[in-house]
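A.B. asks: Sharing a model prediction with you, sequence too.
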Amino acid sequence: MALEITNSKRMKMRQTLFKRVFLVLFFTLPGVLMAQGTITGNVTASVDGLPLPAVNVVVKGTTVGTTTDFDGNYEITVNDFPVILVFSSLGYAEKEVEVTSATAKDVILEESATGLDEVVVTGLATSVKRSNSANAVASVSAEELTGRTPPSTLDGALYGKFAGAIVNSNSGAPGGGISVKLRGATSITGNTQPLYIIDGVYIDNSSIPAGLNVVSEAAGQGSDSNQDNPSNRIADINPEDIANIEILKGASAAAIYGSRAAAGVVIITTKKGKAGETQFKFSQSTGFTQAINLYGLRNYTEDKVFDFFYSPSDDPGEDQSSRDAANAQVALFSQARSSGNLVDYEKEIFGEKGLISITSFSMSGGDEKTRFFSGITHNNENGIVKGTGYEKTSLRLNLEHRATDFLKLSLSSNYIYSSSNRGFYNNDNTGTSIGVALVSTYPWYNLFPNADGIYTDYALGASNILQTRDLVTNNEKINRAIMGGTANLDIYKAEKSNLELILRGGLDFYQLQTRAIFPKELQFQKPSNGGRNGVSVQGETINKNYNLSAFLVHNYFTENNINFRTQAGLTNEFFERNTDLITATGLVASETNVDQAANTGVDQTRVQQEDAGFFVQEEVNFQDKLIATIGLRGDKSSNNGDANKLAYYPKASLAVSLNEFGFWKEDSAWNQFKLRVAYGEAGNFPQSGALFTSYNSFSTDGILGISLRGIRGNSNLKSERQKELEFGTDLSFFGGRLGLTATYYTKTVDDLILLASLEPSTGYTQQFVNAGSLQNKGIELSLNAVPIATENFQWDLGVNFFKNTSEITELNVPAYNTGAFGAGLGSYRLEEGKSATQIVGSYPDGLRVIGDGEADFQIGYNNNLSYKNLQLTFLWQWKQGGDNINLTNLLSDLNGTSADYDDLTLDPAGETVNGKFRPNANAEVFVQDASYLRLREIGLYYTLDSKVLPNVFGDTIESIKFGLSGSNLINIFDYNGYDPEVSNFGGSTIFTGVDVTPYPSSKKYMFNVAINF
Amino acid sequence: MKIYLDKILGCTLIMLGLLSCEVEEFSDLNGPEVEAFQEKITRGDLPDLVGGVLYSSRVNLGGYFDDVGVIGREFYRFSASDPRLTGDLLGGGTNILDNNTFYITNPWAARYRTVKNANLILGFFEGQDVSDQFSDQELNATKGFLKTFIAHDLLLNLNLTDENGIRLDVADEDNLGPFVSKTEALSGIRAMLEDAAADLGNGGDAFPFFLPSGFDGFDTPSSFLGANQAIAARVAIYQADAPAALSFLENSFLDLDPTNLNSGVYYNFSQDQTDILNPMFFPVEATAAGARIMQASFLSDAETGDNRLSKVAQRSEPLTQDGLTGAYAVFRYETDTDPIPMIRNEELILLYAEANITVNPAEAISALNVIRESADLPSYTGPSDSASLIDEMLKQRRYSLYAEGHRWIDMRRYERLDELPIDRPDDDVWPMFPIPLNENQ
């Protein structure tokens, strides 16, 4: 507290001195400056009524100016009256006020509406006006995030909202499983998902598999990737809590985040309280979800059934038995059809309407010293399959406390509980997952349980899908706490300069429980069917990330409006995860505890990482005309081959605002004409464990043994390094009613870490190497316009377009296939000089390129129409091009169940029906165009505001907003599947788009009410 | 100014207190590193390391037996989730064997993994002074055991790629030896077995590690030598070197007793979570999701009363996939933990018969009769010329070693692949697998 006293003393001293000087001047120059006077006042923000510090106050047409102090007070002496004072501050609209005499003049500043004055982050602790930014930083506001229709997860709300992000849903299962990729392919084996930071806390976004592989055996036959279909942990974050999201798309903007920033950084700021009356908000959304598209049932006839089940043989006995078997099927079919008992199992499984309810309540308020925001949200979503669903409760408390005039403390805390039932889908090698089993289930078999609840075995397959659906549990439960604290300390503050210290700490802690239960009565668990007599897989993961950092920020303003901002800081991040996965088989009775079993196996995985780094950055702003930044980050990490060696990541940028040079008249249509260029580097760590060549433990008839892992480690592995150069222009016309942003970027990733194939005769099949370079080039355009703005009617329009192309510019290992099931069925292939996501197929004459996973371009088209209190908003998203590898078609063809089995659309000769053509055709039939056009979001709302309400509710209620909304209501695509958006291998890879009997995606219809009081 | 300096100093101290500049280096948190053994191998480590060889020698055996059994037309392998087992392997339509698909890449890599596990142990012995840990005899015994495994697993890979050859010298992963021809590979494997035999001969009376029940009767250096010689006899027969085969058989565990066909060395399986289940087991009524269905001629070509037909079992209904139908399931193993032979006496008797066809036809006939007797069949009455005896020997091998991975190799040895039945018009009988793509050949 001693510091506090001395500081306020100092402030008083300074003020006293100022007054003395002023008095001296006042008395010594009375005759000359008769009209001279002092204007004093206080500047506050309109939103919260809080004092605004550091507002520039300039006498228009002069260089005379001052800034407001911490309490928003200013004092300025002018020579003549009347004068016009110009008040400006980051994030607020500039305001001119005419003052006629030396009086007190309080000013209220409105938040900037045009977007030009919006702030974007540039450093770890600082931000800059968007109009001065040298990067195309995208931002998404709370309104854009949740205003149209309530999203169930945060990442699912990013579709189409800004240029440069490829958002892909890996599975339609409720509770997430979404990947976000910024500006193309950033890594082959490493992380491709952006770093998420919420209120300064590094957020874990892992997908942790539940161990279903023990039943599905999906990893084994040529593919060892994770096909368990887990959700990703960013799904835990409640979209309702978010005030603003900023997206640093590549290294040029994100270099300051150093070695974790190569895939971009998503910076999320949660809502804060405002001083004044306590605000309450209650909202309720209710609706339902249903599959957007199903394949449908093949149109069976007796002949088709016979034809499929009969295979001629030269051996008469054999031939007869096949004929008999086929006739038996025909008889079953005819019987079922005539009794009306043909069952469309696809509809039976995926045809449910899942109810959704999202309830949210928040309270915010405070006084000048302390402000708070608190909220609770409960989501309850049922899936389109019985027994699947997602439930989440999120609690938040954000506090800000201004302890003294130079110390501010803020705390954000969030607790989340979620539980998702994800069902048993995707690829398997045992015919047991619902997706794979569905394609081999014929409609003339009755799989429903009898009156006693007993399910019959399905005679033609490994599993009874209805039994699997009803009895299998695949649940993920999360208990998560995220806490972040920041202390801002003004070390000193003077007219021309100030120095601030920012200390920040964050913790992300969660416990994840996974439970996959396959009871022994399941058809494929019965020992007589080769089953394991019940399987219970239970996993527990404890994850703890924490990060600490300290920054010093120094601002220095010169007389002629040149501002220097210097910042320096140290950062530390710690990551620790432990997963125990217990697999029990041979369950006792209907017990699910893992000790109630004949065999139990335990698998423990630990991940630990420590990073330490520093950064320095200098920003120079020359009268808002030229804004230059240079910075450097140095990072070390336990994940690098040499843990204590610093890796340096530089950045530099320049923005030139031509409109500030006075080329145009004040009233010109040109509001902004900015040219900008930015360069930066960022890193991407080797995966954990990549440094080591190690053994795993196994047993042989009770004898312990250690056998090599198939992957040879590499202790010399370096981080991948991304270098990005972007340049572009921001234009704004007609008072901000028309804005255009164009950006071109090239980013190269050097020291690409590859899991390169090794000659299998070495004893290893793969090894990690730094062996290549990858380049992405792309263009991003966004247009914002307000074509109509009258008193009653306003139309806001936003269009974004982006295109990215990638190329492997260097590959120091032989080209290899990856990311699918082999070239015979279509596979990704890494090859020098080719696209990183090219798809090849094998042909008698060798491999041919038959597709590419990358889209030709994507467009988001956003409209907001409001007439009086009625508001219509909608967002279209168009993805053109990009191919998928659709193996769902193949699996259903082989079982004769494809809906288009009897169509004649594929065979160029027009002879063989699709169902017979595809399995014998080359891979190109499985590589299909995954373009789509979707009505992503639509909302129609009416707001009853205070003007209408007093007569209805008295003055207790401020406003009520209600309306209808939906997501994915219109989906247009040619793709022969549930949805072109799919990924059997999850989102952590650039090789998405492999379609193996996924959980279908769904559309949502919602009714929403929000009450503010 | 002093006040500010105080504050800055205070705050800097806080920062330094919170933040550390050194980061900790971690070793592998989830498993032992090879490097650690290269520095120091202890007596207690050896059982774990040898246990790893025992484990990996069983990985993907199912893939190997499916490859050999399906192409050898012993059975079909149905799988709802992978069409290539009935497509590529049988040459259905225009499908051919791919050099980068699981059916060759997985078993191939698994065998070389075993070779590597074993070679690493040999390397640990080379690279450090282990005299304080093991006696010379123990070292010899271990080397002989490991070299026998290396030779055996190399032979399995050679069985797949045949004339395309294999890499013999793979001890140095950074400097792999070349691919060698089949002839060279067989002599190399035989030399390795002979080298191993010499080590086992000087190996004292006990191994310094544990062996599972599949090695009962072969769990000392001297008794394991019998298994080593049995494998060498198989190699000599593949080389068509009858005299050598007979001499190896002499030192092997060959026993011309019709009631002792099953003595031998076995792979064990168990339901333990870290263990492997017998990959060759499917229940009789398995569905097309995963099943092995007998190729029809196994039954139609059999002599009446052959008790070896119990290796297949009739299903309640035929099973169809991809234009293939069968009513009998392969039932060679009756549970998912039955052991699979690595080499057993029934094969040795047949090797003995085969070697004698040119050397001593009468002895060959009597050996074949041992087999026939065990199968409840009358003695051989056919002519005793070589061609007839070869026919008979191949037939007995077909039934005695059904689904144990021999038929395709046997028919190939005698250039009779064209005699294998074809079930669909466009099917092919492949002579050998291509070398996996990633060998960069």
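C.D. replies: Received it, and whenever you're ready, just let me know what you need.
A.B. asks: Find the helix or strand that the residue in the stretch 551-700 of chain A that chain B sits nearest to is a member of.
C.D. replies: In the stretch 551-700 of chain A, the residue found nearest to chain B is A:G601; the distance is 2.0 Å by C-beta to the nearest C-beta. Any C-beta I mention is one placed from the backbone N, CA and C, and that applies to glycine too. Using DSSP states H and E, A:G601 falls within strand A:597-622.
A.B. asks: That strand: how far from the chain's middle?
C.D. replies: Using C-alpha atoms, centre = their mean, to the nearest Å, the mean C-alpha position of strand A:597-622 is found 19 Å from that of the whole chain.
A.B. asks: got the buried residues for that strand?
C.D. replies: A:597, A:599-601, A:603, A:605, A:607, A:609-622 (16 or more other C-beta atoms under 10 Å in any protein chain shown).
A.B. asks: Ok, stretch A:893-903 next?
C.D. replies: For stretch A:893-903, the neighbour count (16+ other C-beta under 10 Å) marks A:893-902 as buried.
A.B. asks: Ok, stretch A:621-639 next?
C.D. replies: Buried residues in stretch A:621-639 (16+ other C-beta under 10 Å): A:621-622, A:624-627, A:629, A:631-639.
A.B. asks: Hmm, A:G851 is touching A:S827, no?
C.D. replies: No. Assessed by C-beta atoms under 8 Å, A:G851 is found out of contact with A:S827, at 10.3 Å.
A.B. asks: Would you mind stating the distance between A:N474 and chain B?
C.D. replies: Distance of A:N474 to chain B, computed by C-beta to the nearest C-beta, to the nearest Å: 19 Å.
A.B. asks: Identify the residues contacting that residue.
C.D. replies: A:210, A:212, A:421-424, A:515-516 (C-beta atoms under 8 Å, 6 or more residues apart in numbering or on different chains).
A.B. asks: B:E35: what's its closest spatial neighbour, skipping adjacent residues?
C.D. replies: A:T693 (7.1 Å; C-beta to C-beta, 6 or more residues apart in numbering or on different chains).
A.B. asks: Do a quick rundown of the helices in the chain.
C.D. replies: All of this is about chain A. Remark: helices assigned in chain A by DSSP state H are A:2-28, A:142-146, A:213-216, A:251-254, A:302-309, A:316-338, A:345-350, A:434-438, A:465-471, A:888-894, A:914-920, A:950-953.
A.B. asks: not quite, I wanted chain B
C.D. replies: B:2-18, B:34-39, B:45-56, B:61-71, B:102-127, B:136-161, B:182-201, B:221-238, B:242-251, B:297-300, B:345-359, B:361-374, B:386-400, B:407-413.
A.B. asks: hmm, back to that, mind putting the contacts of A:N474 in a markdown table, distance to chain B included?
C.D. replies: Converted to a markdown table, the contacts of A:N474 look like this (distance: C-beta to the nearest C-beta, whole Å):
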| residue | distance to chain B |
| --- | --- |
| A:A210 | 16 |
| A:L212 | 14 |
| A:N421 | 24 |
| A:R422 | 20 |
| A:G423 | 18 |
| A:F424 | 14 |
| A:R515 | 17 |
| A:A516 | 14 |
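A.B. asks: Who wins on neighbours among these?
C.D. replies: Per-residue neighbour counts (other C-beta atoms under 10 Å in any protein chain shown) across the contacts of A:N474 peak at A:R422, which has 30 neighbours.
A.B. asks: so where's chain B uncertain?
C.D. replies: Within chain B, the stretches with pLDDT under 70 are B:1-21.
A.B. asks: interface residues of the stretch 901-1013 of chain A facing chain B?
C.D. replies: Residues of the stretch 901-1013 of chain A lying near chain B by C-beta under 8 Å from any C-beta of the partner chain: A:919-920.
A.B. asks: Mind telling me which residue of the stretch 901-1013 of chain A is nearest chain B?
C.D. replies: Closest point on the stretch 901-1013 of chain A to chain B, by C-beta to the nearest C-beta, is A:N920, at 4.3 Å.
A.B. asks: where's the residue lying closest to that residue once chain neighbours are set aside relative to A:A550, distance?
C.D. replies: Leaving aside its sequence neighbours, A:N920 sits nearest to B:G93 (C-beta to C-beta, 6+ apart; 4.3 Å). Remark: distance between B:G93 and A:A550 (C-beta to C-beta, to the nearest Å) = 68 Å.
A.B. asks: Can you pull the residues of the stretch 701-850 of chain A lying near chain B?
C.D. replies: By the rule C-beta under 8 Å from any C-beta, the part of the stretch 701-850 of chain A lying against chain B is A:701-710, A:712-713, A:757-765, A:814, A:816-817, A:822-824, A:842, A:844.
A.B. asks: which of those residues are buried?
C.D. replies: Buried residues within those, counting neighbours by 16+ other C-beta under 10 Å: A:701, A:703-710, A:712-713, A:757-765, A:816-817, A:822-824, A:842.
A.B. asks: and stretch A:322-340, does that touch chain B?
C.D. replies: Yes. Applying C-beta under 8 Å from any C-beta, one finds stretch A:322-340 in contact with chain B at A:322, A:325-326, A:328.
A.B. asks: that older thread, do you know the pLDDT at the residue of the stretch 901-1013 of chain A closest to chain B?
C.D. replies: If you check A:N920, the pLDDT there is 84.
A.B. asks: again with A:F308
C.D. replies: In this model, A:F308 is scored at 90, pLDDT.
A.B. asks: need the contact list for the spatially closest residue to it that is not a sequence neighbour.
C.D. replies: Of all residues not flanking A:F308 in the chain, A:G896 sits nearest, at 3.9 Å (C-beta to C-beta, 6+ apart). When contacts are counted by C-beta under 8 Å, 6+ apart, A:G896 is found next to A:298, A:304, A:308, A:915.
A.B. asks: Tell me, how many residues neighbour the closest residue in space to A:V214 that isn't next to it in sequence?
C.D. replies: What sits nearest to A:V214 in space, not counting adjacent residues and going by C-beta to C-beta, 6+ apart, is A:T583, at 5.2 Å. Neighbourhood size, A:T583 [other C-beta under 10 Å]: 24.
A.B. asks: Now do the same contact list for A:T583.
C.D. replies: A:T583 neighbours (C-beta under 8 Å, 6+ apart): A:211, A:214, A:535-537, A:594, A:600-603, B:273.
A.B. asks: Same question for B:L299.
C.D. replies: So B:L299 contacts B:309, B:312, B:328 (C-beta under 8 Å, 6+ apart).
A.B. asks: Now flag whichever of those residues is closest to A:V343.
C.D. replies: B:Y328 (31.3 Å; C-beta to C-beta).
A.B. asks: How many neighbouring residues does that closest one have?
C.D. replies: Counted with other C-beta under 10 Å, residues neighbouring B:Y328 total 22.
A.B. asks: I figured it hits B:M294, correct?
C.D. replies: Yes. At 4.0 Å, B:Y328 and B:M294 qualify as touching, with contact defined as C-beta under 8 Å.
A.B. asks: Quick check: neighbours shared by these two?
C.D. replies: B:V312.
A.B. asks: Need the max-distance pair from the buried residues of stretch A:621-639.
C.D. replies: The span of those, defined through C-beta to C-beta, is set by A:K625 and A:S638 at 44.8 Å.
A.B. asks: still on that earlier bit, closest one to chain A out of the contacts of B:L299, please.
C.D. replies: Each of the contacts of B:L299 was scored against chain A by C-beta to the nearest C-beta, and B:Y328 proved nearest at 10.7 Å.
A.B. asks: Look up how far B:I293 lies from the closest one.
C.D. replies: For B:Y328 relative to B:I293 (C-beta to C-beta), the value is 7 Å.
A.B. asks: again, but for A:S141
C.D. replies: A:S141 is 62 Å from B:I293, where distance means C-beta to C-beta.
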